[in-house]
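Undergrad: I'll drop the sequence and a predicted model, then ask my questions.
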4 protein chains.
Amino acid sequence: MVPRYSRPAMSAIWEPETKYEIWFLIEAHATQKLADLGVVPESGAKALWDWWATNPKIDVAAIDEKERVLKHDVIAFLDWVADEVGPEARFMHQGMTSSDVLDTTLAVQLVRATDILLEDLDGLLDALKRRAEEHKYTATIGRSHGIHAEPTTFGLKLAQAYAEFDRCRDRLQAARKEIATCAISGAVGTFANIDPSVEEYVAEKLGLVAEPVSTQVIPRDRHAMYFSVLAVIASSMERLAVEVRHLQRTEVLEAEEYFSPGQKGSSAMPHKRNPILTENLTGQARIIRGYALPALENVALWHERDISHSSVERFIGPDATITLDFALARLTGVVDKLLVYPERMQKNLDKMGGLVHSQRVLLALTQAGITRDNAYRLVQRNAMKVWESDGQMSLLELLKADEEVKAAMTDEQLEEKFNLDYHFKHVDTIFDRVFGD
Amino acid sequence: MVPRYSRPAMSAIWEPETKYEIWFLIEAHATQKLADLGVVPESGAKALWDWWATNPKIDVAAIDEKERVLKHDVIAFLDWVADEVGPEARFMHQGMTSSDVLDTTLAVQLVRATDILLEDLDGLLDALKRRAEEHKYTATIGRSHGIHAEPTTFGLKLAQAYAEFDRCRDRLQAARKEIATCAISGAVGTFANIDPSVEEYVAEKLGLVAEPVSTQVIPRDRHAMYFSVLAVIASSMERLAVEVRHLQRTEVLEAEEYFSPGQKGSSAMPHKRNPILTENLTGQARIIRGYALPALENVALWHERDISHSSVERFIGPDATITLDFALARLTGVVDKLLVYPERMQKNLDKMGGLVHSQRVLLALTQAGITRDNAYRLVQRNAMKVWESDGQMSLLELLKADEEVKAAMTDEQLEEKFNLDYHFKHVDTIFDRVFGD
Amino acid sequence: MVPRYSRPAMSAIWEPETKYEIWFLIEAHATQKLADLGVVPESGAKALWDWWATNPKIDVAAIDEKERVLKHDVIAFLDWVADEVGPEARFMHQGMTSSDVLDTTLAVQLVRATDILLEDLDGLLDALKRRAEEHKYTATIGRSHGIHAEPTTFGLKLAQAYAEFDRCRDRLQAARKEIATCAISGAVGTFANIDPSVEEYVAEKLGLVAEPVSTQVIPRDRHAMYFSVLAVIASSMERLAVEVRHLQRTEVLEAEEYFSPGQKGSSAMPHKRNPILTENLTGQARIIRGYALPALENVALWHERDISHSSVERFIGPDATITLDFALARLTGVVDKLLVYPERMQKNLDKMGGLVHSQRVLLALTQAGITRDNAYRLVQRNAMKVWESDGQMSLLELLKADEEVKAAMTDEQLEEKFNLDYHFKHVDTIFDRVFGD
Amino acid sequence: MVPRYSRPAMSAIWEPETKYEIWFLIEAHATQKLADLGVVPESGAKALWDWWATNPKIDVAAIDEKERVLKHDVIAFLDWVADEVGPEARFMHQGMTSSDVLDTTLAVQLVRATDILLEDLDGLLDALKRRAEEHKYTATIGRSHGIHAEPTTFGLKLAQAYAEFDRCRDRLQAARKEIATCAISGAVGTFANIDPSVEEYVAEKLGLVAEPVSTQVIPRDRHAMYFSVLAVIASSMERLAVEVRHLQRTEVLEAEEYFSPGQKGSSAMPHKRNPILTENLTGQARIIRGYALPALENVALWHERDISHSSVERFIGPDATITLDFALARLTGVVDKLLVYPERMQKNLDKMGGLVHSQRVLLALTQAGITRDNAYRLVQRNAMKVWESDGQMSLLELLKADEEVKAAMTDEQLEEKFNLDYHFKHVDTIFDRVFGD
């Protein structure tokens, strides 16, 4: 975790206090159910909840100290709680194994983290929608291969991003479901020493569902899927970040990240306004993608479990969620405050002397009875002249002057093919598809 | 693609003939709809379908030859079809762009591939279920960290695998939906020269849905998600493969891959029976995981599209699906014919002199009023003796002879704690969770 | 392996014929040495070499057929050779294990592949050097963050690429050494049944060195390193490809991939000249990077060996080397024939109204006694006006008119700061560093 | 960075204080050289070094506060130093760009980190060598595919690990050289405003070499190579960790991680001694591998530079080096204190009733004139009986009783083939190869 790329609400989920709080809740709920079942005395559960009602401060340092001696974190924690609660605490953890606590805790943490990420996505979607509506008909050149292709609108670019992040939201919802399971099944998952109803009870109390079959651990294919989804979201984030970086290039300059008054772009070149937020996001996308791999390698644990997944998760649990939370919020800010320059978009669009309309002419020639191949050659020979003039010549004028073209189309017909609105007639349809209910 | 790791039905999807067949269908359906809309003459569509009805052979070499000159695959194909069909073919591809054809074709190929993979998973699930039922109560030692823990059943191991692959099936279904979209939206996705209804028509004919907003290309977050799901499935496959490899170790030997009569295990050591199928699957899991990365990097295409994704997909499209198909079939065979040795499982289970029952004794001592810490020490001092005797001593006998234990528990009480069936009382519950409707 | 991304010399290395040829050489050299040592009769070695001298055709199909029955590739091969050579062939493979043959063969194949890749890099370096010299003083704007920074030369860009690929060449040389080892050490690497001198003899004959300690297999950290180096080379390749893609953008257009007369850029837009080669290379870089991962996962084989690395290597051995060979050759072609537009470079350089000289002015003001902070503000307030005029205003003129600036610098002093050659005075030094001996 | 997986010396390298200390050194050395060149007054350099001689405390909070306003870290730092040193500080950073400072600092940090990692490897190599010598002739079964193959010694296993980490040491040395470069070349690397001799001077003072050609940034192929080497080392680490985990399996138990008296293996099963250190290392290997990917993706920066690499490096710079340092130290401890059980090794070795000697018999039969195929069948039919008896039958006795074998070999000849020492006659040769000078 890099502090500068973290936000408090998400970071708090991964603090030791939170972890121990969740541990306690799992143990206490389990003890309660065990008491209900008559396995342990009601006084055992009551003692725990009574203590909890005093809103006790969890003494992380004391627990850590115990762990140093005992070399076992859950035993250290139980010892500390026993010190605080007294002898009635001995009924805690009956029939359970450490992993029951650890894995269920990770589930609770990931669920909480996911709920924040879902909110982040909602914020991003809101910003994208607002800016998309704002620029629904802002004409801009569409580019394939970095080369001018045909006109599109800036709103459509953002609508695409909206649709992409909307899919990401669905994926994250599905991923949340993947990891929202609870295991309280004992040493190798047989419930030998604990009734399955305890697992169901604790699951329900914590907003989880019971893991159908665990083997001491919750199976790691769930987590592999989860972190893979974060990697996909990061990649979509990168796509939008790269788009902004392209648009802010000196030669393009159709949009810019918001630039605050006090900000210095460069220690050497005072005129520079660099797309540093989106470059920063590009790097964060790489690092979040990198976390998916160890998660995938974690799946093949040995037999009922080995603990190799644990050190991986100590890194990627916090790092992937904290960084993605930060990054999504940053991206939302970029979209929300993005400086958009419609005049420049139009200027760029006009730059190629009308070449962007070449396909329409090509089609019209075909429809006028010229073979596709011939039409292609006719358009291309004029297009090439425009291209080589660096946009100084006009395709329309050249075509009007081309004898073979003239034979097939009138000036009026040609002019109609250079009308920009023609390209936007289905924008509304697409917006309906994306934003409609 | 490695021929030895491929099966014909899956490979056929990625043959050039299949690709061109799908290209034709897309073009012909699109032309049909354009004719219905009155954009092109009905004769244009009819000519195509009439030719198709003759069941023509697609001449891959001829198309390749054209591509060498034209340096454009779709144009080469259209030229070839025009040669075959005649002048009426000129109405094909009107208002479309190459990517409309290419991306929709990839969607059709991935959908077909996924349908085979779903069948593969069904076969694997069937085999797992059958073997799980067969060994529902076959006792075996559960291991954490590679160390004996507590008893479980071989059926439970397989039930876990079943549940895991059942999740993989759900993920693959979701992944299929991700990539089953059709784009016929023109040069930058604005439908400038083609009506959106064409896209919907073609989508429906091909069993796809219309891509809500495309930008010449279908967005690659879909494919990133798809190949990530294959990576997760591969990882689950690896888990089961590793389990078999562990069980076949000389010292463990609780199960073995089926060994056919003519097979030689080693050129040097005739006695060897090696788990080569599951080792092979372990490697295949690695390679399939490796394909998820370039798919993730493909998401951030420039502006409306660049073609960098294409070379990646020429590899991973076929390689990931063909290899996974082969691997799932191989894994199904391993499960189906797995030689299982219940006697050896029991022998291993008994190996530790009853240590696996130590937790039950620990709990009983706690319930008999001894503090957790004391109970732990009582059990551990006897357990250590058994451990150091390499299973020659019996934990039960040692406990019976321990004065402090004696003070808390009778011999009968102790003996009851060493009953194996105790561990299996909830197997039925777990099976219901996994296999119940 | 994707046929369209392969070249014959490299592909041939991975053909079955080549593999079996190397197998034979290993077996025959080993038998020769065993004969020299008196372990097997000289006639055994002679029979092999006599047969080989007849330049026999290796019957891949026959060997494959045997493998189908025997389910062991090396045994199948030995059987086939025995069929051809007669009973004297029975002395082959004495004391050896299959892996001795397989791993040493992979070493020979990777060495041969590396030699081709080294030649590829030499070709690329030649092209880069030639074009760098050609454009040593071709002025162009240097860009950081995609934003105009200060002037540089196009030759310097290429010199950087040269230096980078020169490092890649060194890395590849080191990687070649990593994998150029021979193992003939028997079943678990103890030389129990074969003298270490055989390994040394065969190694020397094949241009390898003896693996100091093998354990049936050559350790896979060597191959992990090898494929990681290919991944680094691929990434450098991507950097140069991305540079070309940027330069070819419509708005930038400082360079273009060579565009052959017959080529069509787009089925719809005849004017388009797309940087498809470098986009294609970008994708190939991704796929080659993806191959490093399974190679890294191959390192941790179980005990003396397991065969999980093998299926991985059947993919990445050919695919990584064949694709990189193709890609390097393609990149060399791109560099070699790159269309470079110096006028456009100058035009872009002038675009910002002289803003690129702002740092020099800043320094001059500081040296004239103004505090850094004040100098920064002076420059920035004028720079901002230029920026907002979209390069229509001239920074030099604005500065000349700024009272505070005037107080510190004369017009002549200011003009001197806008001299382009100032920036290129150390180009020669850098070229000496990069290309000097 | 996960605190529990970090050690102080390595962590200190990545603290803000250290970073700012290096920043100062770079700026002060550069100012000194500029003074020597007469570009700035000598008093400018003197003021910096005088202040530094007072051993000033770097006020991280104050610098951070400035960064919050200025949104530029290097400018914030320079401002703070200027506050401390006074007006003479204005000569700092002349002609330099932020990246000169940042990239050279990263080089210094990585060099320091590497020096620690090299020491770590030395420690590991020492431990491996000591334990290898100790167990040079400790007989143990070699295993391929997890199946008993032929005898080897425990010393040979460790010698292999030694050779592997010795290669890793060489790779790390090479990687150190890759990243030990200094760039002080100004805004786009042209030395426009700073003489190349400054770069050379600072490089020499900091133990680096001048980067031949930088483009504002030091090229990231260097770092990609560096982190790839860490990934290879991590993978080798995993191999040894997995070996220990296998050896500690209950059924194998040939070695164990040292188990300290106070340690509890499991909250539920007091008898358990789990290989948790090596499992933990397995996970750490995965995470370090995962860091190589974003480093590879960092190579293709845009034009002269973009800053996307920076956020990646804020993670992986500290995380990869800190974690690898911790992991290597942990692994050294595991090797150093590993509990080795030679009796158990011998017992396992004997387990298969002599099957491990089958290859020697096979060879002897061949040399006695029986065809390879027949010899194979003779051995295999007896070997299979032993195998099926689970090691209760003896291969030697069965062979002695086999009529066809009897016809070819005497009892004495057969017995000689079952002599264990036969396998170890070249151990000394291998040790010489690995440990010899």
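TA: All right, it came through fine. Numbers count the residues shown, from 1 in each chain, chains lettered A, B, ... in the order given.
Undergrad: What is the subsequent helix or strand relative to the one helix or strand residue A:121 maps to?
TA: Assigned by DSSP states H and E, residue A:121 belongs to helix A:98-134. Using DSSP H and E, the helix or strand that directly follows helix A:98-134 along the chain is strand A:139-144.
Undergrad: same for that next one, what does it pack against?
TA: When contacts are defined as 3 or more C-beta pairs under 8 Å, 6 or more residues apart in numbering or on different chains; DSSP states H and E, strand A:139-144 sits against strand A:147-153, helix A:154-179, helix A:342-350. For the C-beta atoms, the positions are set from N, CA and C on the backbone; glycine is no exception.
Undergrad: try it again with 6 Å
TA: Strand A:139-144 sits against strand A:147-153, helix A:342-350, with contacts defined as 3 or more C-beta pairs under 6 Å, 6 or more residues apart in numbering or on different chains; DSSP states H and E.
Undergrad: just the ones you listed: most buried one?
TA: Mean neighbours per residue, mean count of other C-beta atoms under 10 Å in any protein chain shown, is largest over these for strand A:147-153, with a mean of 27.
Undergrad: Would it count as contacting chain B?
TA: Yes. Judged by C-beta under 6 Å from any C-beta of the partner chain, strand A:147-153 and chain B are in contact via A:149-150, A:152.
Undergrad: Spell out whether the helix or strand hosting residue A:244 and chain D are in contact.
TA: Counting by DSSP H and E, the element that carries residue A:244 is helix A:221-248. No. Taking C-beta under 6 Å from any C-beta as the criterion, helix A:221-248 and chain D are apart, separated by no less than 7.3 Å.
Undergrad: Who are the packing partners of that helix?
TA: On a contact count with 3+ C-beta pairs under 6 Å, 6+ apart, helix A:221-248 meets helix A:154-179, helix A:276-297, helix A:308-337, helix B:221-248.
Undergrad: just how off-centre is the helix or strand following it within its chain?
TA: Going down the chain from helix A:221-248, the next helix or strand is strand A:255-256, by DSSP H and E. Centre-to-centre, strand A:255-256 and its host chain are 22 Å apart (C-alpha atoms, centre = their mean, to the nearest Å).
Undergrad: neighbouring contacts of strand A:255-256?
TA: Taking contacts as C-beta atoms under 6 Å, 6 or more residues apart in numbering or on different chains, the residues outside strand A:255-256 that touch it are A:247-248, A:338-340.
Undergrad: Make CSV from these and add neighbour count to it.
TA: Formatted as CSV, the contacts of strand A:255-256 follow (neighbours: other C-beta atoms under 10 Å in any protein chain shown):
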residue, neighbour count
A:247, 26
A:248, 23
A:338, 20
A:339, 13
A:340, 17
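Undergrad: Setting aside sequence neighbours, what's the nearest residue to residue A:92?
TA: Setting aside the residues directly before and after it, residue A:92 is nearest to residue A:27 in space (C-beta to C-beta, 6 or more residues apart in numbering or on different chains), at 4.9 Å.
Undergrad: Check that neighbour and give its pLDDT.
TA: Note on residue A:27: pLDDT of 97.
Undergrad: element containing it, please.
TA: helix A:16-36.
Undergrad: Quick one: work out the angle between that helix and helix A:98-134.
TA: Between helix A:16-36 and helix A:98-134, the angle comes out at 120 degrees (axes from the mean of the first three to the mean of the last three C-alpha atoms, to 10 degrees).
Undergrad: Can you name the next helix or strand after helix A:16-36?
TA: With elements assigned by DSSP H and E, the helix or strand that comes after helix A:16-36 is helix A:42-53.
Undergrad: Taking helix A:16-36 as reference, get the angle to that next one.
TA: 150 degrees.
Undergrad: on that earlier part again, which one of the contacts of strand A:255-256 is nearest to chain C?
TA: Among those, residue A:248 lies closest to chain C (C-beta to the nearest C-beta), at 6.5 Å.
Undergrad: ok now do that closest one, which residues does it touch?
TA: A:256, A:275.
Undergrad: per-residue pLDDT, it?
TA: You'll see residue A:248 listed with a pLDDT of 96.
Undergrad: And for residue A:221?
TA: pLDDT at residue A:221 comes out at 98.
Undergrad: Quick check, central residue of chain A?
TA: For chain A, the residue nearest the mean C-alpha position is residue A:233 (3.2 Å; C-alpha atoms, centre = their mean).
Undergrad: which residue sits closest to it, ignoring its sequence neighbours?
TA: residue A:168 (4.6 Å).
Undergrad: what number of residues lie near that neighbour?
TA: 26 (other C-beta atoms under 10 Å in any protein chain shown).
Undergrad: For the stretch 301-437 of chain A, give me the ranges with low pLDDT.
TA: For the stretch 301-437 of chain A, applying pLDDT under 70 flags the ranges A:437.
Undergrad: what does it put close to chain D?
TA: Applying C-beta under 6 Å from any C-beta, one finds that the stretch 301-437 of chain A approaches chain D through A:306-308, A:311-312, A:314-315.
Undergrad: domains for chain A, by residue range?
TA: Using automatic domain parsing, the domain ranges for chain A come out as A:3-260+A:271-346, A:352-423.
Undergrad: so, in contact with chain B or not, the shortest one?
TA: Looking back up the chat, that one is domain A:352-423. Yes. Contact of domain A:352-423 with chain B (C-beta under 6 Å from any C-beta) involves A:363, A:372, A:423.
Undergrad: Among those residues, which ones are in helices?
TA: Mapping the residues of domain A:352-423 next to chain B onto helices (DSSP state H) picks out A:363, A:372.
Undergrad: Which one (most neighbours) among the residues of domain A:352-423 next to chain B?
TA: Taking other C-beta under 10 Å as the neighbour criterion, residue A:423 ranks highest of the residues of domain A:352-423 next to chain B with 24 neighbours.
Undergrad: gap between it and chain D?
TA: For residue A:423, the distance to chain D equals 30 Å [C-beta to the nearest C-beta, to the nearest Å].
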